[in-house]
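Novice: quick one, what's the 3D model for this:
(2 chains)
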Amino acid sequence: MSGMNVLLQKEFREAWRSRKFLWIPLVFALLGMSEPLTNYYMMDILEAVGNMPEGFEMLMPELVPADLLLATISQFQLIGLLVLMASFVGAISKERSNGTATLLYVRPISFGSFFISKFIVISAVGFVSIVAGFAASVYYTVVLYGTFEVGTLLASIGTYFIWVLFVLALTLMMSAAFKTTVAATAAFIIIFIGQIIDGLVGTFWTISPWKLPLYGVQLIRGTMEMSDYWWSLVMTVVLICVCMSIGVFSMKKNASSTKI
Amino acid sequence: MTTLLQVTGLTKRFAEKTVVDAIDFVLEEHTSTALIGPNGAGKTTTLSMLTGLLRPSFGSVNMVGGDLRANIGFLPQYPQFQPWLSALEFTEMAAKLSGVSAKKAKQEAQKTLEFVGLGNDLHKKIATFSGGMKQRLGISQAIVHKPKLLLLDEPVSALDPVGRREVLDLLKGLQQQTTILYSTHILNDAEEMTDQLLFLSDGKLVEQGTLREVRQRYDEPNYVVEFSTVEEAQYFVSQSTFKCTVNGCYVSVAIQEDKPSMQQLLESLTAYPYLVRNVARQTASLEEIFMKVAKRV
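Specialist: Residues are numbered from 1 along each chain as shown, chains lettered A, B, ... in the order given. Predicted structure coming up:
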């Protein structure tokens, strides 16, 4: 893994100078605070908008903190992941197509180092983002609804982070294997179609990476079937390793398609 | 002289098309070699294979006494940089990735940038650089780790005359320190700094040797006679028994290069009623050789 430090420094500089460390966490923080706030003030919002028929009564469900966390996560699942994936799907393919990869690939550095340095920095952005998102959501939930148990909350955030790692590993693998547009399409399809399939048959298909976001919340509720949880977690970690291996392999294979 | 690089049967085939066809050559240490040929001859493909970016279909590239990837510096025709880095940051990164120790890398990067004339732009972002500055930066990233072999793809083709002159002088300064292989289709440049020529045409190596050797092989003795006026020149041509081509006041005369023919030419000139301004032996320029080689193939 020679040159790893240098490559890490380069990737961090890039993420820092392109403000990715700032605006992606900001998106997550906004998403995170929107759920508890809009739910809490829903009645006021409806009244302010007006047009309610005379004598209209609406029953708002009684929400517990875990419900708001689940609602927040479903926001992350669509918009948050879209932002993360779109930001990083060109990480490798764009370097190839604009030719900046040429001056790097001719150096005596292994493709493993190139790939892993990118994965580490992208994961760091992902980590900061979901921590910002959860922090914003948890803050307003605690102020408006009630408290969480710290242990299970952290476990829930950790579980969601593993899921995000899987999404990012898949995105980076696609970027290594295909051109940017194809990579984006393939990664979006796998992640979002997976979510739809999980929504349709999820009750029967209990062990998959797509289950992890829900399982994280169930840890807080205390209704988690732990064997399903562990198997899903193991499966996700294995898939992350598989994505990384394929990623390194295809990066090496596609090195010759670099624009010279 | 010791051999640095040995290329044997190097071939690259894309689907049906053979872009580089079984070429062999040897690079000696501390020599400059020009890879010349028309566009599409396979120059860039050959260089890409030498850098390891492109895997050859057949054949081998061997560096004597060392790993190839660790000992080359490469400048592509249109080098692309991360625009958000400064010149110093980029060169330092290049040095470290090529194995220069972290301690020395910054110092070496600074020295190299000063050498290529970017001493005042160390901390400027590459995004603000002009084409000529980028080319210099490209050279600095290629030489910062003192590679044994410098591979340059069309190093001066994209530059204006001033930039070309400067970069050529830079490269001449490097000739003593390292082995250089560069491709070009601008023959004047090749004529200026080269020990060995490799002619590539349609992927085949059609001619190689030193400039002098190649020149001798294709040289046809030729004398240029200068007259004062066009009419005089035309008059000479009409009287002459030699094979002449006229170009304004100049007449070029193709003759056998031996005593009797020379005598015959000089006698015909003295018998001529007007004064001759100048007679000179002409050496074939690389361009003429190039055209002959290309035509022969």
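
Novice: where does the prediction get shaky in the chain?
Specialist: All of this refers to chain A. A:1-2 (pLDDT under 70).

Novice: you answered for a different chain; I wanted chain B.
Specialist: Where chain B drops to pLDDT under 70, the residues are B:284, B:296-297.

Novice: the helices in it, which residues?
Specialist: B:43-51, B:87-97, B:102-115, B:131-143, B:161-174, B:187-192, B:211-218, B:230-239, B:259-270, B:286-296 (DSSP state H).

Novice: now distance to B:Ala15 too, for these, in TSV please.
Specialist: C-beta: built from backbone N, CA, C; applies to glycine. Below are the helices of chain B laid out as TSV (distance: least, Cβ to Cβ, whole Å):
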stretch	distance to B:Ala15
helix B:43-51	14
helix B:87-97	33
helix B:102-115	41
helix B:131-143	31
helix B:161-174	36
helix B:187-192	32
helix B:211-218	34
helix B:230-239	54
helix B:259-270	54
helix B:286-296	26
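
Novice: what's the most buried one of these?
Specialist: Among the helices of chain B, helix B:87-97 has the highest mean neighbour count (mean count of other Cβ atoms under 10 Å in any protein chain shown), at a mean of 25.

Novice: that helix near chain A anywhere?
Specialist: Yes - Helix B:87-97 lies in contact with chain A when judged by Cβ under 8 Å from any Cβ of the partner chain; the contacting residues are B:Glu89, B:Met93, B:Ala94, B:Lys96, B:Leu97.

Novice: what's that helix in contact with?
Specialist: A:3, A:6-7, A:9-10, A:13, A:103-104, A:107-109, B:81-82, B:85, B:102, B:104-106, B:108-110, B:112-113, B:118, B:121-124, B:126, B:129, B:137, B:140-141, B:144-145 (Cβ atoms under 8 Å, 6 or more residues apart in numbering or on different chains).

Novice: what strand or helix carries the residue nearest to A:Val89 when sequence neighbours are not counted?
Specialist: Leaving aside its chain neighbours, A:Val89 sits nearest to A:Ala184 (4.5 Å; criterion: Cβ to Cβ, 6 or more residues apart in numbering or on different chains). Under the criterion of DSSP states H and E, A:Ala184 resides in helix A:180-188.

Novice: okay, buried residues for that helix please.
Specialist: Buried residues in helix A:180-188, counting neighbours by 16 or more other Cβ atoms under 10 Å in any protein chain shown, are found at A:Thr180, A:Ala183, A:Ala184, A:Ala186, A:Ala187, A:Phe188.

Novice: now for the residues you listed: which two are most distant?
Specialist: Taking Cβ to Cβ as the measure, these span a maximum distance of 12.3 Å, between A:Thr180 and A:Phe188.

Novice: A:Gly32 and A:Pro61: what is the separation?
Specialist: 21 Å (Cβ to Cβ, to the nearest Å).

Novice: looking at the two, which is more packed in?
Specialist: A:Gly32 (31 against 7; other Cβ atoms under 10 Å in any protein chain shown).

Novice: and the more buried one, which of the three is it?
Specialist: A:Gly32 carries the three-state label helix when classified by DSSP: H, G, I helix; E, B strand; the rest coil.

Novice: show the contacting residues for it.
Specialist: If you count contacts by Cβ under 8 Å, 6+ apart, then A:Gly32 has A:Thr72, A:Gln75, A:Phe76, A:Ala132, A:Gly133, A:Phe134, A:Ala135, A:Ala136, A:Ser137, A:Val138 around it.

Novice: can you list those residues in JSON lines and add secondary structure, neighbour count and distance to chain B?
Specialist: JSON lines is the format used below for the contacts of A:Gly32 (DSSP: H, G, I helix; E, B strand; the rest coil; neighbours: other Cβ atoms under 10 Å in any protein chain shown; distance: Cβ to the nearest Cβ, whole Å):
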{"residue": "A:Thr72", "secondary structure": "helix", "neighbour count": "27", "distance to chain B": "33"}
{"residue": "A:Gln75", "secondary structure": "helix", "neighbour count": "17", "distance to chain B": "31"}
{"residue": "A:Phe76", "secondary structure": "helix", "neighbour count": "26", "distance to chain B": "28"}
{"residue": "A:Ala132", "secondary structure": "helix", "neighbour count": "19", "distance to chain B": "23"}
{"residue": "A:Gly133", "secondary structure": "helix", "neighbour count": "27", "distance to chain B": "26"}
{"residue": "A:Phe134", "secondary structure": "helix", "neighbour count": "23", "distance to chain B": "30"}
{"residue": "A:Ala135", "secondary structure": "helix", "neighbour count": "16", "distance to chain B": "29"}
{"residue": "A:Ala136", "secondary structure": "helix", "neighbour count": "23", "distance to chain B": "29"}
{"residue": "A:Ser137", "secondary structure": "helix", "neighbour count": "27", "distance to chain B": "32"}
{"residue": "A:Val138", "secondary structure": "helix", "neighbour count": "22", "distance to chain B": "34"}
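
Novice: distance to B:Ser57 added to the residues you listed, as JSON lines?
Specialist: Formatted as JSON lines, the contacts of A:Gly32 follow (distance: Cβ to Cβ, whole Å):
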{"residue": "A:Thr72", "distance to B:Ser57": "55"}
{"residue": "A:Gln75", "distance to B:Ser57": "52"}
{"residue": "A:Phe76", "distance to B:Ser57": "48"}
{"residue": "A:Ala132", "distance to B:Ser57": "51"}
{"residue": "A:Gly133", "distance to B:Ser57": "51"}
{"residue": "A:Phe134", "distance to B:Ser57": "53"}
{"residue": "A:Ala135", "distance to B:Ser57": "56"}
{"residue": "A:Ala136", "distance to B:Ser57": "56"}
{"residue": "A:Ser137", "distance to B:Ser57": "56"}
{"residue": "A:Val138", "distance to B:Ser57": "59"}
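
Novice: and which of the residues you listed is nearest to B:Glu267?
Specialist: A:Ala132 (96.6 Å).

Novice: mind listing what the closest one touches?
Specialist: When contacts are counted by Cβ under 8 Å, 6+ apart, A:Ala132 touches A:Pro25, A:Leu26, A:Phe28, A:Ala29, A:Gly32.

Novice: contacts only, for the nearest residue to it once chain neighbours are set aside.
Specialist: Of all residues not flanking A:Ala132 in the chain, A:Pro25 sits nearest, at 3.8 Å (Cβ to Cβ, 6+ apart). Applying Cβ under 8 Å, 6+ apart to A:Pro25 gives the contacts A:Val125, A:Val128, A:Ser129, A:Val131, A:Ala132, A:Gly133.

Novice: how close does the closest residue in space to the last one that isn't next to it in sequence get to chain B?
Specialist: Ranked by Cβ to Cβ, 6+ apart and with sequence neighbours excluded, the top spatial neighbour of A:Gly133 is A:Phe28, at 3.2 Å. Distance of A:Phe28 to chain B, computed by Cβ to the nearest Cβ, to the nearest Å: 23 Å.

Novice: next, the buried residues of the strand or helix carrying A:Phe28.
Specialist: Counting by DSSP H and E, the element that carries A:Phe28 is helix A:20-40. For helix A:20-40, a neighbour-count test (16+ other Cβ under 10 Å) marks A:20-21, A:24-25, A:27-29, A:31-37, A:39-40 as buried.

Novice: contacting residues around A:Ser137?
Specialist: Shown in contact with A:Ser137 (Cβ under 8 Å, 6+ apart): A:Gly32, A:Met33, A:Glu35, A:Pro36, A:Leu68, A:Leu69, A:Thr72.

Novice: residues in chain A within reach of chain B, list them.
Specialist: Within reach of chain B by Cβ under 8 Å from any Cβ, chain A has these residues: A:2-3, A:5-7, A:9-10, A:13-14, A:17-18, A:98-100, A:102-109, A:255-256, A:258-260.

Novice: any idea how chain B splits into domains?
Specialist: According to automatic domain parsing, chain B comprises the domains B:3-217, B:221-284.

Novice: what residues sit buried inside the helix or strand hosting A:Gly158?
Specialist: Here A:Gly158, judged by DSSP H and E, is contained in helix A:150-177. Going by neighbour count (16+ other Cβ under 10 Å), the buried part of helix A:150-177 is A:152-153, A:155-157, A:159-177.
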